[in-house]
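K.L.:
Quick one, structure for this:
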Amino acid sequence: MFGSFRRKKVETAPSAVSHIAFIMDGNGRWAKRRGLPREAGHRAGAKTFSRIVEHCIALGIPTVTVYAFSTENWRRPKQEVDAIMELLDRYIEDTFSRYADRDVEVVFLGRRDGLSPSLVEKMERLENESRGRKTRVNIALNYGGRDEIVRAVNRLYEEGKLPCDEQTLSAALDTAGRPDPDVVVRTGGDYRTSNFLLWGSAYAEYFFTGTLWPDFTERELDRILTDYAKRHRRFGGL
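P.N.:
Okay, the predicted model is just below:
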């Protein structure tokens with residue numbers, strides 16, 4: 001369902017890209033334009049997710065983060081939410097075999113409460129079995145950027161580490177241990193961050209495309225990375 005992981009080695013991404021993140025928007029509109037139920041769009045989007053993540057791994061990008069389900073997405077119709085959770089459950093099952101002998105770590109960002117116990121058990125098993133591998137794939141599930149910061153601050157408070165500095169807060173976030181995103185790609189034509197990686201993406205380079213996520217291709221990603229290589233990141237300096 002999630003496509004082949006046997007893609008041949010391709011040219012590497014710009015060396016400055018240590019972390020790329022995706023806001024995978026447009027699944028529902030993709031389905032609507034084809035007269036299909038929204039669930040069909042999410043199934044198509046899952047295949048694109050698999051292809052694009054594999055392409056990033058082949059390019060040698062150390063960290064890839066995808067926005068799979070936000071804390072606000074619970075407001076969607078139950079049928080659609082159930083379909084997304086089923087896809088995630090099947091993805092986890094599929095990943096156990098696909099990544100078993102590969103140097104890829106899978107980490108889930110976000111809250112665990114609210115998710116089914118069986119799904120959480122599979123998530124934790126996958127995290128434990130892949131821990132410490134070279135390339136990390138972060139899946140933001142039941143995730144919100146504000147919620148991530150609030151949880152981090154509360155954790156530091158409980159540990160008696162407040163007041164704190166930026167480094168201490170960064171170490172308490174879900175994304176701890178990996179660099180901040182260099183590139184954030186949003187598909188679907190909207191121009192907003194949608195509560196995604198608010199702390200870590202403070203100096204990320206954003207790329208917005210009108211392409212709906214199921215239609216997003218490796219070639220378009222390559223063009224984005226070529227554009228990124230031409231940008232001069234100043235981080236507030238000159």
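
K.L.:
Show me what the lowest-mean-pLDDT helix or strand in the chain is packed up against.
P.N.:
Ranked by mean pLDDT, DSSP states H and E, the weakest helix or strand in the chain is helix 78-98, scoring a mean of 88. Applying 3 or more CB pairs under 8 Å, 6 or more residues apart in numbering; DSSP states H and E, one finds that helix 78-98 contacts helix 38-59, strand 63-70, helix 117-130. Using the backbone N, CA and C atoms, a C-beta is placed for each residue, glycine as well.

K.L.:
gap between the spatially most central residue of the chain and residue 183?
P.N.:
For the chain, residue 66 is the residue whose C-alpha lies nearest the centre (CA atoms, centre = their mean; 1.3 Å). Distance of residue 66 to residue 183, computed by CB to CB, to the nearest Å: 13 Å.

K.L.:
shared neighbours of the two, anything?
P.N.:
Contact criterion CB atoms under 8 Å, 6 or more residues apart in numbering; residues shared by residue 66 and residue 183: residue 21.

K.L.:
Make a markdown table from the helices and strands packed on helix 78-98 and add distance to residue 28 and mean pLDDT to it.
P.N.:
Below are those laid out as a markdown table (distance: least, CB to CB, whole Å; pLDDT from 0 to 100):
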| stretch | distance to residue 28 | mean pLDDT |
| --- | --- | --- |
| helix 38-59 | 4 | 94 |
| strand 63-70 | 13 | 96 |
| helix 117-130 | 22 | 94 |
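
K.L.:
Of these, which is nearest residue 219?
P.N.:
helix 38-59 (9.6 Å; CB to CB).

K.L.:
Pull out the buried positions in the closest one.
P.N.:
Judged by neighbour count (16 or more other CB atoms under 10 Å), helix 38-59 contains these buried residues: 38-46, 48-59.

K.L.:
With stretch 146-162 instead?
P.N.:
Under 16+ other CB under 10 Å, the buried positions of stretch 146-162 are 147-149, 151-152, 156.

K.L.:
Over to stretch 224-233?
P.N.:
Neighbour counts over stretch 224-233 (16+ other CB under 10 Å) mark 224-225, 228 as buried.

K.L.:
now, which of these sits nearest residue 72?
P.N.:
Taking the buried residues of stretch 224-233 together and measuring to residue 72 by CB to CB, the closest member is residue 224, at 25.9 Å.

K.L.:
Chain neighbours aside, what residue packs nearest to that closest one?
P.N.:
Once flanking residues are discounted, residue 224 sits nearest to residue 207: 4.9 Å by CB to CB, 6 or more residues apart in numbering.

K.L.:
Next, the one you found: phi, psi?
P.N.:
phi -130, psi 120 (degrees, to the nearest 10).

K.L.:
mind showing which ranges of this structure have poor pLDDT?
P.N.:
Scanning the chain for pLDDT under 70 picks out the ranges 1-15, 235-238.

K.L.:
let's go with 50 and repeat that
P.N.:
Counting by pLDDT under 50, the chain has low-confidence residues at 1-10.

K.L.:
Could you pull up the residues touching residue 119?
P.N.:
In this structure, residue 119 makes contact with 85, 88-89, 92, judged by CB under 8 Å, 6+ apart.

K.L.:
Turn those into a markdown table, including neighbour count.
P.N.:
Output for these, formatted as a markdown table (neighbours: other CB atoms under 10 Å):
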| residue | neighbour count |
| --- | --- |
| 85 | 16 |
| 88 | 21 |
| 89 | 15 |
| 92 | 18 |
